[in-house]
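>>> Output the structure for:
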Amino acid sequence: MIPLRLLFEKFFLYVFVYAFTTSFFSNCAGDEMQLKKTEPTFAEIALIIYKNCTPCHRNGESGPFELMTYEDVKKNINKIKFVTQTRYMPPWPADPNYTHFTDERILANEEIELIKRWAENGAPKGNAFVPSPPLFHKGSFFGKPDTVIKFKQAVPIKGNGTDHFYIVKLPIQLKKDTFVRYFEFVPSQRQLAHHVNGHLINYLKDNKKDIEKGLTFALDDFKDYKELYRQMNILNDDGTFPVLTPNTVYYLPGYAPPVYSNGIGGYQISKNAAILLKNIHYGPSNQDVVDSSYINVFYGPKPKRPIFETQLGTFGISKIEPNLVLLPNKIQTFHTKATINQDISILSVNPHMHLLGKSFWAFALSPNGDTIPLIKIKKWDFRWQYYYTYKQPVIIKGGTTIHVYGTFDNTNKNPFNPNHPPKMVTEGEGVRSMQTTEEMFQFIFSYLPYQPGDEFLKPD
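You can find the predicted model right below:
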């Protein structure tokens with residue numbers, strides 16, 4: 001029989017050995033995991049960069065430098081680390097805790113930490129397989145277009161420190177009538193392009209013999225539009241106005257059209273047609289440039305359900321309360337609302353303000369009192385004004401009221417305030433209201449008249 005004392009000694013020895021070995025191997029595993037944790041390679045970083053950064057950081061797009069290769073990324077790693085740590089990049093102003101949209105470029109905390117560790121560890125390339133960068137079509141954000149419509153004549157833009165507004169006519173002559181899924185406006189001066197709004201003109205048979213004649217552009221000051229359209233040879237040969245489909249060509253920094261299958265959206269285009277870019281707005285510059293922009297055309301099926309667009313606020317269907325008068329050295333909040341009288345399916349939304357914008361919030365109140373979140377932007381950024389497309393349409397019942405609140409900062413604490421000292425700013429009148437130094441407060445949205453099953457639609 002083993003003495004009790006020896007049993008206790010063996011028991012405590014066993015516990016000690018077990019605890020030691022468990023701790024030892026656990027620490028070894030922990031050290032190994034820690035080592036692995038602190039040594040990410042480009043293979044891991046590339047997946048983040050290619051998805052969230054490269055689409056804009058490539059030749060011909062808005063990013064100031066390319067992020068296509070390991071060398072590109074390593075050369076700019078300190079910038080990348082800073083802008084991701086501060087969440088300055090990738091740009092996505094909408095609050096993801098309020099609503100979600102397609103193609104959100106929002107880095108997870110783990111991804112931001114991974115970039116930081118990789119940068120602080122010398123940005124090693126490593127030996128792991130690195131995925132190839134995405135393939136892009138040069139000259140387009142969306143892919144290879146079916147045809148390209150170019151400016152017939154470059155538009156000279158003076159670098160005199162003021163906003164410029166101009167109109168451009170782009171004749172289109174095709175072999176036959178066809179259908180367009182969407183247009184893509186590609187600005188040649190991305191750093192200056194503020195917005196573009198254009199219309200499709202379809203000339204009926206025998207109504208227009210020669211659309212090539214006439215002025216191709218008019219710059220800045222034009223008051224008599226009918227006379228201007230005559231000079232540009234826009235009117236039918238008998239002097240009447242042709243069939244016009246408004247707002248078919250659109251551009252804002254970050255804009256992407258809502259694109260759906262099954263004949264939703266799109267346009268018919270006749271073989272004798274033109275694009276009238278009625279509002280091209282270039283911001284102030286101190287350098288003379290020329291605008292040689294172009295339009296990519298993507299064909300599609302015959303449209304079955306056209307997409308409509310409307311807006312609240314400036315130039316819209318609802319009044320801003322109080323009047324949009326921004327007093328100097330004040331932070332003010334404004335409200336606009338509109339009741340929707342029919343059932344609709346909202347596809348995308350576009351909040352719009354200028355340099356004094358501070359925050360933006362839009363929601364809907366249904367007749368039974370339910371709140372429907374639409375979009376919230378806690379920190380407005382004039383440089384990124386997306387058309388945010390919902391992952392599935394937001395269904396709005398007739399009788400629902402859309403409410404929009406916009407806060408503006410007209411103080412010296414606003415780093416984007418163009419006036420020092422601050423001065424009173426208003427909407428302005430006509431084209432002048434579109435100047436970046438004036439203000440606007442708009443909530444633009446695209447929609448379909450509701451049909452059963454719209455709840456399950458998904459953009460391509």
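>>> alpha carbons only for contacts and neighbour counts from here, please
Will do.
>>> Domains of this protein: list them as residue ranges, please.
1-36, 42-120, 147-305, 309-456 (automatic domain parsing).
>>> For Phe141, find the nearest of those.
domain 42-120 (7.5 Å; CA to CA).
>>> Check the separation of the first and last residues in that closest one.
Start-to-end span of domain 42-120 (CA to CA, to the nearest Å) is 13 Å.
>>> One more: stretch 316-324?
End to end - CA to CA - stretch 316-324 spans 13 Å.
>>> Who are the packing partners of the helix or strand harbouring Ile48?
Per DSSP states H and E, Ile48 falls inside helix 42-52. Judged by 3 or more CA pairs under 8 Å, 6 or more residues apart in numbering; DSSP states H and E, helix 42-52 is in contact with helix 109-120.
>>> would Glu227 count as being in a strand?
No: with DSSP: H, G, I helix; E, B strand; the rest coil as the criterion, Glu227 is assigned helix and is not in a strand.
>>> For it, give me its contacts.
Neighbour list for Glu227: empty [criterion: CA atoms under 8 Å, 6 or more residues apart in numbering].
>>> From Phe82, how far off is Val325?
In terms of CA to CA, Val325 sits 37 Å off from Phe82.
>>> Please tell me how far whatever helix or strand comes next after the helix holding Ile48 is from the chain's geometric centre.
Where DSSP H and E defines the elements, the next helix or strand beyond helix 42-52 is helix 70-75. Relative to the chain's own centre, helix 70-75 is displaced by 26 Å; criterion: CA atoms, centre = their mean, to the nearest Å.
>>> where in the stretch 51-200 of the chain is pLDDT low?
By pLDDT under 70, the stretch 51-200 of the chain contains no weakly predicted segment.
>>> how far does stretch 72-90 sit from the chain's center?
Stretch 72-90 sits 20 Å away from the centroid of its parent chain (CA atoms, centre = their mean).
>>> what's in contact with it?
Here stretch 72-90 makes contact (CA under 8 Å, 6+ apart) with 52-53, 66-67, 105-107, 112, 115-116, 119, 123.
>>> can you put the domains of the chain in JSON lines and add distance to Ser140?
JSON lines is the format used below for those (distance: least, CA to CA, whole Å):
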{"stretch": "domain 1-36", "distance to Ser140": "39"}
{"stretch": "domain 42-120", "distance to Ser140": "9"}
{"stretch": "domain 147-305", "distance to Ser140": "7"}
{"stretch": "domain 309-456", "distance to Ser140": "17"}
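>>> Identify whichever of those domains lies nearest to Phe136.
Here domain 42-120 is closest among those (CA to CA), at 8.1 Å.
>>> returning to that earlier point: could I get the buried residue list for the helix holding Ile48?
Buried residues in helix 42-52, counted by 16 or more other CA atoms under 10 Å: 42-46, 48-50, 52.
>>> who touches it?
67-68, 70, 90, 105-106, 111, 114-115, 118, 123-126, 128-131, 133-134.
>>> Among these, name the buried ones.
67-68, 70, 90, 106, 114-115, 118, 123-125, 130, 133.
>>> which one of those sits closest to Glu184?
Pro90 (22.0 Å).
>>> quick check, Glu455 in a helix?
Yes: using three-state DSSP, the assignment for Glu455 is a helix.
>>> sorry, back to before: and the buried residues of helix 42-52, which is closest to Tyr386?
Using CA to CA, the buried residues of helix 42-52 come closest to Tyr386 at Asn52, 15.3 Å.
>>> ok, which stretches of the stretch 351-460 of the chain are strands?
357-365, 371-377, 388-396, 400-410, 425-426, 442-449 (DSSP state E, counting those that start in this stretch).
>>> quick one, strands of the stretch 201-350 of the chain?
According to DSSP E, counting those that start in this stretch, the strands that the stretch 201-350 of the chain contains are 217-219, 243-251, 267-269, 272-282, 289-291, 294-299, 308-313, 320-321, 325-326, 330-340, 344-352.
>>> and the angle for the helix holding Ile48 with helix 109-120?
130 degrees (axes from the mean of the first three to the mean of the last three CA atoms, to 10 degrees).
>>> Need the buried residues of helix 42-52 in TSV (columns: distance to Arg305).
Listed next are the buried residues of helix 42-52 as TSV, based on distance: CA to CA, whole Å:
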residue	distance to Arg305
Phe42	46
Ala43	44
Glu44	43
Ile45	42
Ala46	40
Ile48	37
Ile49	37
Tyr50	35
Asn52	32
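>>> Between the residues you listed, which sits nearest Phe241?
For these, the residue nearest Phe241 by CA to CA is Asn52; the value is 44.9 Å.
>>> Let me see the contact set for Glu39.
117-118, 121.
>>> looking at it, Val168 is touching Tyr229, isn't it?
No: Val168 is beyond contact range of Tyr229, at 10.6 Å (criterion: CA atoms under 8 Å).
>>> more neighbours, these two?
Neighbours were counted for Val168 and for Tyr229 using other CA atoms under 10 Å; Val168 has more, 23 against 17.
>>> So which residues of the stretch 151-300 of the chain form helices?
225-231 (DSSP state H, counting those that start in this stretch).
>>> and the nearest residue to His281 once chain neighbours are set aside, how many neighbours?
Nearest non-adjacent residue to His281, counting by CA to CA, 6 or more residues apart in numbering: Phe165, 4.8 Å away. Phe165: 23 surrounding residues under other CA under 10 Å.
>>> go on, Lys319?
Lys319, neighbours per other CA under 10 Å, totals 16.
>>> Indicate which one of the strands of the stretch 201-350 of the chain is closest to Ala193.
strand 272-282 (4.6 Å).
>>> Any idea how far that closest one is from the middle of the chain?
The answer for strand 272-282 is 20 Å, by CA atoms, centre = their mean.
>>> Residues in contact with it: which ones?
Under CA under 8 Å, 6+ apart, the answer for strand 272-282 is 163-174, 192-204, 208, 211, 249, 434.
>>> Pull out the buried members of those.
If we count by 16+ other CA under 10 Å, those have these buried: 163-173, 192-203, 208, 211, 249, 434.
>>> list the contacts for Asp177?
Per CA under 8 Å, 6+ apart, neighbours of Asp177: 268-271.
>>> what's the closest non-adjacent residue to it?
Ser270 (4.3 Å).
>>> Next one: that neighbour relative to Asp460, how far apart?
For Ser270, the distance to Asp460 - CA to CA - is 26 Å.
>>> Noted, bye for now.
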